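below are the sequence and a predicted model for it; my questions follow.
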Amino acid sequence: MKKQACNTLVIGAGIIGISTAYYLKKHQPDLNVILIDSGQPMSLTSAQSGENYRNWWPHPVMTAFTDHSIDLMETIAEESGNRINMNRRGYTLVTRSDDPDQLMNELVVGYGQAAKDLIRVHEAASSNYQAPISREWQTAPSGVDVLRNQDLIRQTFPSYDPEIKTLIHIRRAGDISGQQMGQHMLDYFKSVGGVRVTGEVVSIDKTDAFQVFLNNSEVSIQADHIVNAAGPFINDIAEMLGTSLSVRNTLQQKIAFEDTAGVIPRVMPFSIDLDDQLIDWNDEERELLAADEDYAWLTENMQGAIHCRPDGGDHGRWVKLGWAYNDTSETSLSRTPQLYENFPEIVLRGAARLNPGLKTYYEKLPSKMHHYGGYYTLTDENWPLIGKMDVEGAYVVGALSGFGTMAACASGDLCARTLLGRELPEFAGCLSLQRYNDLPLMEELMSMSSRGIL
Ligand SMILES: Cc1cc2nc3c(=O)[nH]c(=O)nc-3n(C[C@H](O)[C@H](O)[C@H](O)COP(=O)(O)OP(=O)(O)OC[C@H]3O[C@@H](n4cnc5c(N)ncnc54)[C@H](O)[C@@H]3O)c2cc1C
């Protein structure tokens, strides 16, 4: 049997494992690191990401965490000549309610002490509100604009439902190319002697060091430290270590298609309709669906947070739609999960409520349409797990739910810092397994009405 040895073995070459390997090498270039994956890097969940980012969260710990990640992404954008295609038109959150007190409260809580300096409210039709014309991240404003004037909303966002009364524009938000970021990190990792191995980890023994066995019985790897970055499979690795993690997986889907009719303005930010809705079926469709017990739920009240954005740059033609309404935990996982065949029509009709121009595609989505999906691996409180596991020498960096692309840099940095004993930001403890000992924090998190799932 061929034996390899290293200081740290990172299991999983999705964006989270890659980022951890990258920051281990950034902090300590001579550290002997192996990054292993059973498949191609970035080919599982990380290949399904919508690649959006935002610093908007219902809790200041998550805001600080993603702000840290965005700082690190901006550093990469700068040093790579924006290889990661970072841009920043923001996120808009819209509602037909003209009394969005709860929303405003959540905004203030989420931004913590900085909120009063960050939030600008615009009540008049003429204001100094800066519309998101440019996609340049360096010149985009920070903070949050709250538009409470319908004329201002209609003139700036003409494709939206004219009934929108309040619009919150999160400015430190946009999208990146996650694939390019992964490649950029792998290039650096390789340039400083990082080693990549292809193989599936099937068992782990622990004596003084870890002995890691692969499906290919010819090879085993000895490692002083293990980083469990196996995405949806982090619990399989935990079980190999004789422990378990409190995470579950839900299947989430998106569609992308060519907007042949040009109904979505290319300058439109990532737009989220916050209001619940009844999906726009005609009477006959509604009756048929209601009569079928498998489909009746599609005629009932559906949660908000359906989202839409243009994709492919200012001169592209594609749009992406998503709606993370599925909360069923999967009992067995597949690398190629079965998608729900009716999802494209469901998400299209839901998204047409905010952008009525999309109605033109009812039952005739363009042939250039891509329906895809993967698992959100998440804790009940929807916070990640980053730090030591309860096995000496083992670390976890996972449960990144629907925010792993935007949080990859901070996740990798925090895990690397923990492993190397470097200084950690104040919020790091709350994102590790330690938080389960903090009962008041856990009570607070479990009582929150929003957990930031998009
Ligand atoms: C539909 C969808 C849309 C999303 N949109 C966004 C978004 O807009 N913005 C955002 O920030 N995030 C988004 N996300 C979330 C983001 O994609 C994930 O959080 C992130 O990709 C998770 O990365 P990962 O490295 O943990 O997992 P993965 O990418 O799944 O990587 C895990 C790797 O571990 C490997 N592995 C597992 N077990 C083993 C083993 N035993 N041996 C060897 N290798 C193993 C797998 O092969 C895999 O390559 C979205 C997710 C989905 C599903």
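Right, received. Where do you want to start?

what residues does residue 224 make contact with?
For residue 224, the contacting residues are 6-8, 209-210, 393, by C-beta atoms under 8 Å, 6 or more residues apart in numbering. Yep, even glycine has a C-beta here, placed from its N, CA and C like the rest.

how far away is it from residue 241?
As judged by C-beta to C-beta, to the nearest Å, residue 224 and residue 241 stand 14 Å apart.

from residue 307, how far out is the closest residue to the ligand within the stretch 351-454 of the chain?
Relative to the ligand, the nearest point of the stretch 351-454 of the chain is residue 404 (2.0 Å; C-beta to the nearest ligand atom). To residue 307, residue 404 is 17 Å away according to C-beta to C-beta.

from residue 290, how far out is the most centrally placed residue in the chain?
Note on the chain: the residue nearest the mean C-alpha position is residue 403, at 2.0 Å, using C-alpha atoms, centre = their mean. In this view, residue 403 and residue 290 are 35 Å apart by C-beta to C-beta.

again with residue 344
In terms of C-beta to C-beta, residue 344 sits 21 Å off from residue 290.

so between those two, which is more surrounded?
Neighbour tally, residue 344 and residue 290, criterion other C-beta atoms under 10 Å: the higher count belongs to residue 344, 20 against 15.

quick check: the residue of the stretch 1-150 of the chain nearest the ligand.
Residue of the stretch 1-150 of the chain nearest the ligand, by C-beta to the nearest ligand atom: residue 14 (2.1 Å).

show me the contacts for that residue.
Neighbouring residues of residue 14 by C-beta under 8 Å, 6+ apart: 37, 41-42, 44-46, 229, 231, 404.

with neighbour count, secondary structure and pLDDT added, can I get those residues in a markdown table?
Shown next, in a markdown table, are the contacts of residue 14 (neighbours: other C-beta atoms under 10 Å; DSSP: H, G, I helix; E, B strand; the rest coil; pLDDT from 0 to 100):
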| residue | neighbour count | secondary structure | pLDDT |
| --- | --- | --- | --- |
| 37 | 25 | strand | 98 |
| 41 | 22 | coil | 98 |
| 42 | 23 | coil | 98 |
| 44 | 23 | coil | 98 |
| 45 | 25 | helix | 98 |
| 46 | 26 | helix | 98 |
| 229 | 31 | coil | 99 |
| 231 | 26 | helix | 98 |
| 404 | 24 | helix | 98 |
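
between the residues you listed, which sits nearest residue 297?
residue 45 (26.0 Å; C-beta to C-beta).

can you give me the strands in the stretch 301-450 of the chain?
Secondary structure of the stretch 301-450 of the chain (DSSP state E, counting those that start in this stretch): strands at 306-311, 318-322, 369-378, 385-388, 394-398.

tell me the most buried of these?
When those are scored by mean count of other C-beta atoms under 10 Å, the highest mean neighbour count falls to strand 394-398 (a mean of 27).

thank you kindly, that will do.
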